[in-house]
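S.K.: heads up, no residue letters with this:
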């Protein structure tokens with residue numbers, strides 16, 4: 001689980017880095033250069049490149065795009081058959097894959113002889129009131145050997161994008177909690 005959390009943190013960090021890079025993109029202006037000849041010096045205009053539009057992608061727009069794609073995959077993978085309301089898939093505490101590796105060393109590799117499933121994890125009290133993990137299958141896709149490569153990628157993408165949205169929700173939760181306490185003006189938010 002911590003490996004998945006580390007991957008999610010790394011993904012979030014890379015996305016934030018890309019967002020920062022896109023925000024720093026500004027139009028490029030070429031100066032007029034002088035060309036030296038034996039006869040006389042004349043300024044030569046070098047055609048300027050077209051200005052590059054500054055792309056500002058806030059975390060809100062990244063999140064909106066991510067959730068749009070999660071919804072699309074929710075429909076394509078027929079997750080609605082097991083969880084009829086899209087918003088309820090985010091009440092789960094975690095999501096995993098059975099039969100496909102998500103660790104760095106086996107990322108995207110199918111495990112032969114295994115069945116491919118998207119597994120949602122929730123915690124429910126047992127008869128003694130102690131919380132126990134409960135696995136819920138959100139999608140069954142057959143044996144690993146028969147899995148189409150495009151379908152495999154969509155399954156992986158769904159789980160990763162679900163985790164990414166879950167991370168946004170957790171960040172939002174902590175921002176709300178921090179907003180409830182008195183903080184010095186020198187903090188990040």
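M.R.: Everything's here; your move. The shown structure was predicted, so the numbers you read here are calculated from the model rather than taken from an experiment.
S.K.: pretty sure residue 111 contacts residue 100?
M.R.: Yes. At 7.2 Å, residue 111 and residue 100 qualify as touching, with contact defined as Cβ atoms under 8 Å. C-beta: built from backbone N, CA, C; applies to glycine.
S.K.: which neighbours do those two share?
M.R.: Listed as contacting both residue 111 and residue 100 by Cβ atoms under 8 Å, 6 or more residues apart in numbering are residue 144.
S.K.: With neighbour numbers in mind, choose between these two.
M.R.: Neighbours per residue (other Cβ atoms under 10 Å) separate residue 111 from residue 100, with residue 100 holding more: 24 against 15.
S.K.: Tell me the pLDDT of the closest residue to the more buried one other than its chain neighbours.
M.R.: Of all residues not flanking residue 100 in the chain, residue 110 sits nearest, at 5.5 Å (Cβ to Cβ, 6 or more residues apart in numbering). With respect to pLDDT, residue 110 scores 87.
S.K.: what does residue 129 give?
M.R.: For residue 129, the model assigns a pLDDT of 85.
S.K.: helix/strand/coil for it?
M.R.: Put simply, residue 129 is coil when judged by DSSP: H, G, I helix; E, B strand; the rest coil.
S.K.: Quick check: phi and psi at it.
M.R.: phi 90, psi 0 (degrees, to the nearest 10).
S.K.: number of nearby residues for it?
M.R.: Burial of residue 129 is recorded as 6 neighbouring residues (other Cβ under 10 Å).
S.K.: got it, and residue 161?
M.R.: 21.
S.K.: Check residue 134 too.
M.R.: 13.
S.K.: low-scoring stretches of the chain, by residue?
M.R.: 1-9, 11-12, 15, 17-58, 183-189 (pLDDT under 70).
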